[in-house]
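Visitor: Next input, structure requested:
(one chain, ligands or ions: 2)
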Amino acid sequence: MTRHLLDLFELSDEEVERVLELSSQLKLNYQRGIRQPLLPGRVMALLFEKPSLRTRVSFETAMMHLGGNTLFLGADVGWGKREPTADFARVLSSYVDVIVVRAFRHQDVEELASYSKRPVVNGLTDLAHPCQALADMLTIRELHGSLRDRRLAYVGDANNVAASLAVACAKLGVRFAIASPAGYRFDDAFLSRLKQAKPGFEVEQSADPREAVRGAHAVYTDVWTSMGQEAEREIRMKAFANYQVDAPLMKLADPAACFLHCLPAHRGEEVAAAVIDGPQSAVLQQAENRMHAQKGLLAWLLDAKV
Ligand code: CP
Ligand code: NVA
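Guide: Ligands and ions are numbered 1, 2, ... in the order given. Here you go, the predicted structure:
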C-alpha cells in the first residue's frame, strides 16, 4: 500500500522519531558540505493552491540536494477543475515519485491521495501542517537537547499549525499547553481523535496566555487570520487582541525558552517585534529546519538507502 503523510496521526511514534533522526543526520552532513544523492532521478511534483515561500522552496531544495528533480504545478494544471480528481491523481502519480500538496480543503488532499499510486505529502491544509511540526520538533530538540518532558505553549488560533504541533508533542513526549479565546479552540472531533491516538496525553487548554506560557521551554504563535480566512480578519483582530506574544509574556516562560513561529509573521499582531527579533527568537533556525526535516521525511518515505 502506498504510504502518505497527510497528518502526523498516520505515523507511529517510532516513525516520527526515525524521520527526525534522519533529518538530523542529513543536516549534519549538509553542514559538513556533503549533499548525499539518496534519491537520484526521483521526481517530486508540488501542487499548490495557496502561496508559499518556505514549504515550496525548502521541499524543492531538499529534493535537489538529494539528487532528484522537482516540478512546481500551479493553477494551470487544473486540479479539481479540468477533470475528476481520480483521473488527475492516477495520471500525475504515473509520472512522478512523490506529490506535495498545499490545498484549502484537507478532504481534497485525502481524495487525491486515495487515487495516487505514489506518496502524497500534505504541505498545509485547513486542518494540518505536519511538515511544519516536524521541523518545529527538530528545532526544539536542537535548542533544548531533548524533547521528552519539555513544555510547549501555543498562544492563539487553534489552527492547522497548532493541531499538527499537538499531535507531534503527543508522539514525542512533549507537554502541550494552548491558550485561545472562546470560539477559536480545538474542536471536539480533533480532541477525541488525539485522545484515542494517545490516551495518556493531555492538552492543557485555557483562555489565559499567561497560564499556558508559565514555565514553557518553547513559546509558539501563528497568524490570527490564516490563508482563506481573510474575510474574517476584522473580527479575528478583536478576538485575539489580548493574545499577542510580547516581552512580559515571554518573561513567564523558562529563562531558556525559545520563541517559535512558522512564519510568515505579523509584527504588532500575534507577536511583538521585540520578541520575534529578540534574542530568544529561533524562527530562522526553525525555517531553515523545514529543509532538513523534509529531507529526512523524503528519505524515509521514498525508502532511500541511507
Ligand atoms: N511556514 C510555512 O509553511 O511557510 P510558507 O507558507 O511560506 O510555506
Ligand atoms: N496558519 C497559517 C500557516 C501558514 C504557514 C495558514 O494556514 O495560513
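Visitor: Number of residues surrounding the nearest residue to Leu152 once chain neighbours are set aside?
Guide: Counting by C-beta to C-beta, 6 or more residues apart in numbering, Ala218 is the residue found nearest to Leu152 once chain neighbours are left out, at 4.6 Å. Just so you know, the C-beta spots here come from the backbone N, C-alpha and C atoms, and that holds for glycine as well. By other C-beta atoms under 10 Å, 30 other residues sit near Ala218.
Visitor: So Ala218 sits against Ala257, correct?
Guide: Yes: between Ala218 and Ala257 there is a contact under C-beta atoms under 8 Å: 6.2 Å.
Visitor: any low-confidence regions in the stretch 201-306 of the chain?
Guide: The model of the stretch 201-306 of the chain has no residue with pLDDT under 70.
Visitor: center of this protein, which residue is that?
Guide: Nearest residue to the geometric centre of the chain (C-alpha atoms, centre = their mean): Gln132, 2.0 Å.
Visitor: Next, that one: secondary structure please.
Guide: What DSSP: H, G, I helix; E, B strand; the rest coil gives for Gln132 is helix.
Visitor: quick one: contacts for Arg214?
Guide: Going by C-beta atoms under 8 Å, 6 or more residues apart in numbering, Arg214 touches Leu252, Ala253.
Visitor: Next, give phi and psi for it.
Guide: Dihedral pair for Arg214: phi -50, psi 120, per degrees, to the nearest 10.
Visitor: Likewise for Pro37?
Guide: Dihedral angles (degrees, to the nearest 10) for Pro37: phi -80, psi 70.
Visitor: Excluding chain neighbours, what is closest to it?
Guide: Nearest non-adjacent residue to Pro37, counting by C-beta to C-beta, 6+ apart: Gly67, 3.0 Å away.
Visitor: Could you report the pLDDT at that neighbour?
Guide: Note for Gly67: predicted pLDDT of 98.
Visitor: can you check the one 4 residues further on too?
Guide: Leu71 carries a pLDDT value of 98.
Visitor: who touches the spatially closest residue to it that is not a sequence neighbour in this structure?
Guide: Leaving aside its chain neighbours, Leu71 sits nearest to Ala45 (4.9 Å; criterion: C-beta to C-beta, 6+ apart). Contact analysis of Ala45 by C-beta under 8 Å, 6+ apart lists Thr70, Leu71, Leu73, Leu92, Tyr95, Val96, Val98, Ile99, Val100.
Visitor: Residues contacting the helix or strand hosting the second one, please?
Guide: So that's Leu71. Taking DSSP states H and E as the definition, one finds Leu71 inside strand 69-73. Residues outside strand 69-73 that contact it (C-beta under 8 Å, 6+ apart) are 41-48, 56, 59-60, 63-64, 79, 96.
Visitor: Now which of the residues you listed would you call buried?
Guide: Buried subset of the contacts of strand 69-73 (neighbour count, 16 or more other C-beta atoms under 10 Å): 42-48, 56, 59-60, 63, 79, 96.
Visitor: can you redo those as JSON lines with distance to ligand 1, secondary structure and pLDDT?
Guide: Output for the buried ones among the contacts of strand 69-73, formatted as JSON lines (distance: C-beta to the nearest ligand atom, whole Å; DSSP: H, G, I helix; E, B strand; the rest coil; pLDDT from 0 to 100):
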{"residue": "Arg42", "distance to ligand 1": "22", "secondary structure": "coil", "pLDDT": "98"}
{"residue": "Val43", "distance to ligand 1": "21", "secondary structure": "strand", "pLDDT": "98"}
{"residue": "Met44", "distance to ligand 1": "15", "secondary structure": "strand", "pLDDT": "98"}
{"residue": "Ala45", "distance to ligand 1": "16", "secondary structure": "strand", "pLDDT": "98"}
{"residue": "Leu46", "distance to ligand 1": "11", "secondary structure": "strand", "pLDDT": "98"}
{"residue": "Leu47", "distance to ligand 1": "14", "secondary structure": "strand", "pLDDT": "98"}
{"residue": "Phe48", "distance to ligand 1": "9", "secondary structure": "strand", "pLDDT": "98"}
{"residue": "Arg56", "distance to ligand 1": "6", "secondary structure": "helix", "pLDDT": "98"}
{"residue": "Phe59", "distance to ligand 1": "9", "secondary structure": "helix", "pLDDT": "98"}
{"residue": "Glu60", "distance to ligand 1": "11", "secondary structure": "helix", "pLDDT": "98"}
{"residue": "Met63", "distance to ligand 1": "15", "secondary structure": "helix", "pLDDT": "98"}
{"residue": "Trp79", "distance to ligand 1": "18", "secondary structure": "coil", "pLDDT": "98"}
{"residue": "Val96", "distance to ligand 1": "20", "secondary structure": "coil", "pLDDT": "98"}
